[in-house]
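Trainee: coords please:
(2 chains)
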Amino acid sequence: DAGVIQSPRHEVTEMGQEVTLRCKPISGHDYLFWYRQTMMRGLELLIYFNNNVPIDDSGMPEDRFSAKMPNASFSTLKIQPSEPRDSAVYFCASSQGGPQYFGPGTRLTVL
Amino acid sequence: GDSVTQMEGPVTLSEEAFLTINCTYTATGYPSLFWYVQYPGEGLQLLLKATKADDKGSNKGFEATYRKETTSFHLEKGSVQVSDSAVYFCALSDNAGKSTFGDGTTLTVKP
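Mentor: Numbers count the residues shown, from 1 in each chain, chains lettered A, B, ... in the order given. Have a look, this model is predicted:
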């Protein structure tokens, strides 16, 4: 299997712009997770899905963040409008309920 | 709620030294336990796992034993190499598929 695929790998944008991060989970995995990692706050769970349904979005920092999973093989995390404090590495991970398999991450820089 | 506490870093060792990174957890029920490793610029990778009390997970010379009586899952390696330099995360997963991660411990191995 190709593993979890994320795109883009790097994104540089200006404050106020919309940013969309994409994730393709491992085929057959029914859980999908979005995390954010920064030096200051470490690894934070933003939201997770089970069978394409959002289960817990309590980690989404504010209404500027939204996530969707329209089907079992695709998910997006959108930030609108983006702010400099959103700069971080965003990871997508998938699982079958046990260990999680992480993608390579998207490094987001908001200027 | 569930929580994972791991040894604060950073940890600096000389090559061939013995490694221990402590991890304790709080959880209801009987979680599965994991160690993940993150190399610079990459996502977290599963290093080893244990699913029930007294299980020993092992991989690449690393070991950890699920100790229910002390709620611990300490990571050990008998002889570290420079290539083991990375950040190590202890984690547990509950029956709902969600994982709780520790804050990570940075290991640097010097030649």
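Trainee: tell me which parts of chain A are close to chain B?
Mentor: Within chain A, the positions adjacent to chain B are A:4, A:31, A:33, A:42-43, A:45, A:48, A:50, A:55-56, A:91, A:93, A:95, A:97-105 by Cβ under 8 Å from any Cβ of the partner chain. Where C-beta positions appear, they are placed from N, C-alpha and C, glycine not excepted.
Trainee: contact partners for the residue in chain B that chain A sits nearest to?
Mentor: Closest approach of chain B to chain A (Cβ to the nearest Cβ) occurs at residue B:43, with a separation of 3.3 Å. Contacts were defined as Cβ atoms under 8 Å, 6 or more residues apart in numbering or on different chains; by that measure residue B:43 touches A:4, A:91, A:93, A:102-105.
Trainee: number of residues surrounding the closest residue to chain B within chain A?
Mentor: Of chain A, the residue with the smallest distance to chain B, taken as Cβ to the nearest Cβ, is residue A:102 at 3.3 Å. Burial measure for residue A:102: 22 neighbouring residues, criterion other Cβ atoms under 10 Å in any protein chain shown.
Trainee: what's the closest non-adjacent residue to it?
Mentor: Spatial nearest neighbour of residue A:102, excluding adjacent residues (Cβ to Cβ, 6 or more residues apart in numbering or on different chains): residue B:43 at 3.3 Å.
Trainee: are any of the residues of chain A next to chain B buried, and which?
Mentor: Neighbour-count burial (16 or more other Cβ atoms under 10 Å in any protein chain shown) is assigned, among these, to A:4, A:31, A:33, A:43, A:45, A:48, A:50, A:91, A:93, A:95, A:97, A:99-105.
Trainee: coming back round to it: helices - which of the residues of chain A next to chain B land there?
Mentor: Counting by DSSP state H, no part of the residues of chain A next to chain B is found in helices.
Trainee: just those: which are in strands?
Mentor: In strands, defined here by DSSP state E, the members of these are A:31, A:33, A:42-43, A:45, A:48, A:50, A:55-56, A:91, A:93, A:95, A:101-102.
Trainee: make CSV out of those and add pLDDT and distance to residue A:18.
Mentor: CSV is the format used below for these (pLDDT from 0 to 100; distance: Cβ to Cβ, whole Å):
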residue, pLDDT, distance to residue A:18
A:31, 96, 27
A:33, 97, 22
A:42, 91, 26
A:43, 94, 25
A:45, 95, 23
A:48, 96, 23
A:50, 96, 27
A:55, 94, 25
A:56, 93, 24
A:91, 98, 20
A:93, 97, 24
A:95, 95, 29
A:101, 96, 28
A:102, 97, 25
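Trainee: pull the CA atoms of stretch B:75-90 into CSV?
Mentor: C-alpha atoms of stretch B:75-90 as CSV (Å, rounded to 0.1, in the frame of the first residue of the first chain):
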residue,chain,number,x,y,z
LEU,B,75,10.8,2.0,26.2
GLU,B,76,14.3,0.4,26.4
LYS,B,77,17.1,-0.3,24.1
GLY,B,78,20.4,-1.9,25.1
SER,B,79,22.7,-0.1,22.7
VAL,B,80,21.6,3.0,20.9
GLN,B,81,23.0,4.2,17.6
VAL,B,82,23.3,7.7,16.1
SER,B,83,20.5,6.7,13.7
ASP,B,84,18.1,6.4,16.7
SER,B,85,18.2,10.1,17.2
ALA,B,86,14.5,11.1,16.9
VAL,B,87,11.5,12.1,18.9
TYR,B,88,9.7,9.2,20.7
PHE,B,89,6.0,9.3,21.6
CYS,B,90,4.2,7.0,24.0
